[in-house]
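Asker: Quick one: sequence plus predicted model below, questions after.
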Amino acid sequence: MPPPDQEVLRRKDEIVAALRAIVPGESVIADPDGVRPYESDGLTAYRQPPMVVVLPHTTEQVARILKWCGEQGVKVVPRGAGTSLSGGALPLADGVLLGMARFNRVLNIDYDNRFAVVQPGVTNLAITHAVQERGFYYAPDPSSQIACSIGGNVAENSGGVHCLKYGLTTNNVLGVELVLMNGEVLRIADTGGYDLLGVIVGSEGLLGVVTEVTVRILPKPQTARALLIGFATVESAGQCVADVIAAGIIPAGMEMMDRPAIHAAEAFVHAGYPLDVEALLIVELDGFAAECDHLLDAVAAIAQRNGACQLKASQNEAERLAFWAGRKAAFPAVGRISPDYYCMDGTIPRRKLPAVLLRMRELSERHGLKVANVFHAGDGNLHPLILYDANQPGQLARAEAFGADILRLCIQVGGVLTGEHGVGVEKRDLMPEMFTPTDLAVQQRLKCAFDPDLLLNPGKVFPALHRCAELGRMHVHQGRVAFPELPRF
Amino acid sequence: MAAPISTDAVCEIVAAAHEARTALEIRGNGTKAGIGGNVRASQTIELTNLSGILEYEMAELVLTARAGTRLAEIEAALAANNQMLAFEPADYGPLLGHAANAATIGGVLAGNIAGPRRLKDGAARDHFLGFTAVSGRGEVFKAGGKVVKNVTGYDLPKLLAGSWGTLAVMTEVTVKVLPRPATVATVAIAGLSAQDASRAMSLAMGLPLEISGAAHLPRWAAATCPAGTVSSANTSMTLLRIDGVAPSVAARSQWLRDALRDFGSAQLWDAAASVELWRHIRDVGPMRGALDALWRIHVPPMNGWRVHDALASLGEVRSFQDWAGGLVWLSTGSAAQGAAVHAAAQHAGGHAMLIRAPQAAGDAATAFAPTHPALDTLTRRVKAAFDPANILNPGRLFGA
């Protein structure tokens, strides 16, 4: 992270007083014990207590906070529920942590037009809870949906196990109210101009602070059924996935686990997973009963053609949920067998899966750390969980090095650094593996259009923060910056 | 006119234009050239020589093509593998006095053009995964990726979708593709008013039927439909499309007919008729042939019919609805009524865009809705980030 600005730290009392003038009472937290709970998000390997925490209640307060901080040159880090897996909400020692948890109301539900307007602190699952009595739901379902906030989902463009069929957050958000770092409040939706909503979703809190979200709601599918399929080899499981898609079937979810993940999950939740297989697939079909039954038979036939050694179809809702119980608990299950784990998030072309897993085994031996894999097989999003012990000297550094090797591997085979967790702090320094200096300069100029003084969530996403005026002058020719040896920040 | 054959060649032209502050018109085959404001440019870059599918792995659900590739070529390659572009891009060519099947994938994405299926599967922007382009500074850059799930960096494909060539010149694009439904059927209810139709469509969309098209055609529009479909009905038609595997389509169609019983008895049209009908709606067939001003209006679905009612007093107003009422195609005698159309669209919670004008559209201020000043400022800053000298399609978009 950029070194703390000592001048800002010296002004802490003044900054706290200014924030208290905007948000009265206990909503400004400045004592060391009070700010401690905010020192990290879901990526606990990184910790940094913020200078001060402020928890506003209204859009007007957010606007005044940002305007004041913007004028005073004080950095701001927005935070939703703090479940980011990439350090997106990691505080700054010289920054204000802007907690959006108090924005927790569902404002309007319009069933006729099929949308809901909610505040950003509302949890993902609470949206579904608010509309389910009328038979609707909110489709994106990140595994942390019980805790993660919709504002955080917008920042990270969160996915989930059902996003192959129903899309990511960006495909399910219709509009936002956004406060810029200069305090201006904008309503951004399909207004006929540039699709600014499209870049705000997934911008990791670097462009503005979302104070209201309008999401699309969908009628809940009539039924869902799942198949549990075991394979003797990863290759045959991968071929089964490709054949399902090639047969024109887009399942609601299609998840794969490798042997270590299967064993960890089974030991934890006793889901009834077979232990003598190398890969396990969960394929879920949803929709009309007639459709589910038809497609279930089709997927089962494809699995058998690919040599499935275990095949079980859910006969009732309890059984379907049992199939999922192990997969949904895969992360904590791995947490039981290892003191710490480090979750990666690359996406690869699916056909490269066997080669990637083979190479990952070699890397595992080289780094001396075990790895378990869960895989959103339908869309190629791979979550290797690297097992390590932070109390053993050097293991965290080895886990990080192993993780970086895995992500480089994803890029080498034509994939990307992150499928759904975001770049954050974690993958920031790997961005040049995927993007040229020009690619990154173009993205940073967009950042400058929203936040010219680079005060909003600095230190995330971009490996080096160029001043905006400098970016405007910088001409990157054929991928090479002029005078590359000059320090840029 | 320049017709470059590579990304590097595009880069050279744009870099030189940036240096000389020469304005450039960026186009594919020009089938949508009349949309928006008149471009004030002294030089044209036509991208049709940048043609061809580069990568297509059907099981990966991803296709990469050069930007000037004809949409028809891509759709044929997909159809050969029982796949499709799920945003169902319309062919505006014949609507705007050009040939059919001439649109390019780059033009379709730059205009964020989508058809009836947007209701269920989203717009072009929702299927646009990545690109290579040349910025207004004459730099080659890429964004996004070639996999279906990616959150690495800002989602610039979405920003370029609907930017009408004003931010960068796309040279290679990657889109998500999806399986084509095995079969399709259409449930049709005759004789509803536009207001009752919006209630019927809303009811249908609230059921777990995965409806992939919902349109309301008044009598005159129904009469334009292909022979052998609803053209002889002599009344309005409210159409709901259901597709998927055959047993599911049969069960859902029956459920839908039962659910809509209060709105009248429903006919069922088979796959062959459905394909014809929805292509006609997709390509705005009912508005073809006329020369009056044509507006594309996006509003919350239940307000679609209200826009027409609000403008009826202008005279010579005709309209039909797609996207369950969320898209209104509305024609007026002349583009001079733009202020009234924009006001009505805004009052209904949406916005309008001029797609066809009796004479040249003139300025972008007529074609596009006025925006909020703060949003307009941000828009100009975004434009300047990509194209600081304003050399890419100047004049085409309001505020850019």
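Answerer: All right, it came through fine.
Asker: Would you map out the domains in the chain?
Answerer: In the absence of a named chain, this looks at chain A. A:6-99, A:106-219, A:223-331, A:338-412, A:435-481 (automatic domain parsing).
Asker: my question was about chain B
Answerer: Looking at automatic domain parsing, the domains of chain B come to B:7-179, B:183-282, B:290-367.
Asker: Grab the nearest non-local neighbour of the residue of the stretch 51-200 of chain B found nearest chain A.
Answerer: In the stretch 51-200 of chain B, the residue that lies nearest chain A is B:Lys158 (2.5 Å; C-beta to the nearest C-beta). From N, CA and C alone the C-beta is placed, and that goes for glycine too. Distances taken as C-beta to C-beta, 6 or more residues apart in numbering or on different chains put A:Gly198 closest to B:Lys158, at 2.5 Å, once the chain neighbours are dropped.
Asker: so what's the one you found up against?
Answerer: Neighbouring residues of A:Gly198 by C-beta atoms under 8 Å, 6 or more residues apart in numbering or on different chains: A:Thr170, B:Arg125, B:Asp155, B:Pro157, B:Lys158, B:Leu159, B:Ala161.
Asker: any weak-confidence spans in chain A?
Answerer: A:473-489 (pLDDT under 70).
Asker: Name the helix or strand for the residue of chain A found nearest chain B, please.
Answerer: With C-beta to the nearest C-beta, the shortest gap between chain A and chain B falls at A:Gly198, namely 2.5 Å. Using DSSP states H and E, A:Gly198 sits within helix A:196-200.
Asker: Tell me if I'm right that A:Gly99 and A:Val54 touch.
Answerer: Yes: using C-beta atoms under 8 Å, A:Gly99 makes contact with A:Val54 at a distance of 7.0 Å.
Asker: ok, is stretch B:304-311 in contact with chain A or not?
Answerer: No: taking C-beta under 8 Å from any C-beta of the partner chain as the criterion, stretch B:304-311 and chain A are apart, separated by no less than 10.4 Å.
Asker: who's in contact with residue 219?
Answerer: Because you didn't say which chain, this covers chain A. A:Gly135, A:Phe136, B:Met205, B:Gly206, B:Leu207, B:Pro208, B:Leu209.
Asker: hm, I was asking about chain B
Answerer: Contacts of B:Arg219 by C-beta under 8 Å, 6+ apart are B:Ala233, B:Asn234, B:Thr235, B:Ser236.
Asker: The first one and chain A, how far apart?
Answerer: In this case it means B:Ala233. 27 Å (C-beta to the nearest C-beta, to the nearest Å).
Asker: what are the phi and psi values for that residue?
Answerer: phi -70, psi -30 (degrees, to the nearest 10).
Asker: Outside of stretch A:330-343 itself, list whatever touches it.
Answerer: For stretch A:330-343, using C-beta under 8 Å, 6+ apart, the contacting residues are A:45, A:85, A:143, A:257, A:261, A:264-265, A:267-269, A:326, A:370, A:372, A:374, A:383-391, A:395-396, A:399-400, A:402-403, A:421.
Asker: what's B:Val148 in contact with, if anything?
Answerer: B:Val148 neighbours (C-beta under 8 Å, 6+ apart): A:Leu164, A:Thr347, A:Asp379, A:Gly380, B:Glu60, B:Leu61, B:Val62, B:Leu129, B:Lys176.
Asker: can I get those residues in JSON lines with secondary structure, neighbour count and distance to A:Lys447?
Answerer: As requested, the contacts of B:Val148 are exported to JSON lines (DSSP: H, G, I helix; E, B strand; the rest coil; neighbours: other C-beta atoms under 10 Å in any protein chain shown; distance: C-beta to C-beta, whole Å):
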{"residue": "A:Leu164", "secondary structure": "helix", "neighbour count": "25", "distance to A:Lys447": "30"}
{"residue": "A:Thr347", "secondary structure": "strand", "neighbour count": "27", "distance to A:Lys447": "23"}
{"residue": "A:Asp379", "secondary structure": "coil", "neighbour count": "25", "distance to A:Lys447": "27"}
{"residue": "A:Gly380", "secondary structure": "coil", "neighbour count": "30", "distance to A:Lys447": "28"}
{"residue": "B:Glu60", "secondary structure": "helix", "neighbour count": "24", "distance to A:Lys447": "31"}
{"residue": "B:Leu61", "secondary structure": "coil", "neighbour count": "25", "distance to A:Lys447": "31"}
{"residue": "B:Val62", "secondary structure": "strand", "neighbour count": "23", "distance to A:Lys447": "28"}
{"residue": "B:Leu129", "secondary structure": "strand", "neighbour count": "24", "distance to A:Lys447": "22"}
{"residue": "B:Lys176", "secondary structure": "strand", "neighbour count": "23", "distance to A:Lys447": "26"}
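Asker: could those residues go into JSON lines alongside distance to B:Trp220?
Answerer: Below are the contacts of B:Val148 laid out as JSON lines (distance: C-beta to C-beta, whole Å):
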{"residue": "A:Leu164", "distance to B:Trp220": "42"}
{"residue": "A:Thr347", "distance to B:Trp220": "49"}
{"residue": "A:Asp379", "distance to B:Trp220": "44"}
{"residue": "A:Gly380", "distance to B:Trp220": "48"}
{"residue": "B:Glu60", "distance to B:Trp220": "45"}
{"residue": "B:Leu61", "distance to B:Trp220": "40"}
{"residue": "B:Val62", "distance to B:Trp220": "42"}
{"residue": "B:Leu129", "distance to B:Trp220": "40"}
{"residue": "B:Lys176", "distance to B:Trp220": "37"}
